[in-house]
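Colleague: model this:
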Amino acid sequence: MAAGKVTIPHFTVMYDYSFNSIKINCSALRKNYAFIQQKTGAGVPVMAMVKADAYGHGMVMAAKAFSHAGCTAFGVAELREAVLLREAGIQGDIYVTIGFVEIDAGLFFQYRLTPVIYSYAAAQALSIQAVALGQEIGIHIKVDSGMGRLGIFPPDIPAFADTVASLPGIKINGLMSHFPESDNPAAESTRENFTQFAGACRALKNRYTTLCHIANSGAVLNFPDTWCDMVRAGIALYGYHPAGSDGGEGPSCTALIPAMSFTSRILQVKTVPAGRGISYGHTFRTRRQTTLAVLPVGYEDGFSRLLSNRAKVLVHGHPVPVVGRICMNMCMIDVTGLTDVAAGDEVVLLGRQGQQTITADDIAKEMGSISYEVLCLLGNNNQRQYIE
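Modeller: Down below sits the predicted model:
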């Protein structure tokens, strides 16, 4: 080596490496879409709800999977999501369902998006843009038929629609509403809500050519007479029944394929004596000599603190309990009785290992929540890999 010259070895640094990995099965997404479309029939198209980053599955990749399965209509919550889909190359109709900031009305024209409105101010903002551009835009009106969220009450729909339609550049193309209890096939409210919505649809179809849609995943599976002109599938597309583990064992349940799995790796294995307190607050204390494994998974990763001393994970194909409070980046599991457990071994927190499976419904039950929240928490807080 020449005098005064120092050679520094080259190191490859993997800045994006994580012990934790979410895997999304794109084939499962396509099959779930195909199942729902087959169920409703060719005459009733399926809108794929990809809001909330596709329930944690990744909005753009999920939309591409559904598109490959034949989907031509996508639903998001915010305008920002719709723009991202268009810029990613997603074709078809994209519906923005919870409104928009009026100053951004021009984006609906620029990106060929469908606004769902529930206020005259939103219609005015769109009309001003339409006139300025010399264009016309088709809108859908949101109806509150019993959910108690956004929307116009059914008796007020005809007057609201006529007022909005009088604005230049505005065309009424549809009505939409939402069911609060369609996951329960015995819920009387679903019939009541649909009666209200159907009345609003009849009133408008005498005035305008409107596309009516109210059926969510629960209604797709439980109330075929509510499918109208289109259905909007959400949680079912990702492999779960909206009623959770209470959804039953019928064909509509067994045909759905969960698309997400979550794995991690053991950091350390140690043996502690009886009477040892574990993690913050010592909410768990060992009753015998115990073999613990430490995982790099915590509530920062979407593994809720509510799962402390409640959840189970899979190690070597066996369910083992989480013990002690779940920390921000770590948690502990009791692997006593399992042989040859070592640092680096794979742990499944969601998905299948051997003959055992942990579902989002299982995790949700321990949290006192629903699969929707579990999928969003895990999917949006970890690296995602897409597999077939």
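Colleague: Only C-alpha atoms from now on, for both contacts and neighbour counts.
Modeller: OK.
Colleague: longest helix of this structure?
Modeller: helix 188-205 (DSSP state H).
Colleague: Quick check: which helices or strands does the helix or strand following that helix pack against?
Modeller: Next along the chain after helix 188-205, taking DSSP states H and E as the criterion, comes strand 211-213. Under the contact definition 3 or more CA pairs under 8 Å, 6 or more residues apart in numbering; DSSP states H and E, strand 211-213 sits against strand 170-176.
Colleague: For the stretch 101-250 of the chain, which segments count as helices?
Modeller: Using DSSP state H, counting those that start in this stretch, the helices of the stretch 101-250 of the chain run over 106-110, 120-133, 157-165, 188-205, 217-222.
Colleague: Can you tell me which residue is spatially central in this protein?
Modeller: residue 55 (1.5 Å; CA atoms, centre = their mean).
Colleague: Torsion angles phi and psi at the closest residue to it other than its chain neighbours?
Modeller: Computed as CA to CA, 6 or more residues apart in numbering, the closest residue to residue 55 that is not its neighbour in sequence is residue 376, at 5.0 Å. For residue 376, the backbone dihedrals (degrees, to the nearest 10) come out as phi -60, psi -40.
Colleague: Residue 376 reaches residue 58, doesn't it?
Modeller: No - with contact defined as CA atoms under 8 Å, residue 376 does not count as touching residue 58 (9.8 Å).
Colleague: sorry, back to before: buried set for the longest helix of the chain?
Modeller: Neighbour counts over helix 188-205 (16 or more other CA atoms under 10 Å) mark 189, 190, 191, 193, 194, 196, 197, 198, 200, 201, 204, 205 as buried.
Colleague: the helices in the stretch 251-388 of the chain, which residues?
Modeller: Taking DSSP H, counting those that start in this stretch as the criterion, the stretch 251-388 of the chain carries its helices at 251-254, 360-367, 371-379.
Colleague: looking at those, which has the lowest confidence?
Modeller: Among the helices of the stretch 251-388 of the chain, helix 251-254 carries the lowest mean pLDDT, at a mean of 64.
Colleague: shaky segments in the stretch 151-300 of the chain?
Modeller: Low-confidence segments of the stretch 151-300 of the chain (pLDDT under 70): 247-253.
Colleague: Ok, the stretch 1-150 of the chain next?
Modeller: 1-16.
Colleague: hey, where'd the strands end up in it?
Modeller: Under the criterion DSSP state E, counting those that start in this stretch, the stretch 1-150 of the chain contains strands at 21-25, 46-49, 73-76, 93-96, 114-117, 137-142.
Colleague: Quick one: closest of those to residue 219.
Modeller: Nearest to residue 219, of all those, is strand 46-49, at 12.4 Å by CA to CA.
Colleague: Name every strand pairing with that closest one and say which way it goes.
Modeller: Its sheet considered, strand 46-49 pairs with strand 73-76 (parallel), strand 231-233 (parallel) by DSSP bridges.
Colleague: Show me what the longest one is in contact with.
Modeller: Counting by CA atoms under 8 Å, 6 or more residues apart in numbering, the neighbours of strand 73-76 from elsewhere in the structure are 46-52, 63, 82, 92-97, 232.
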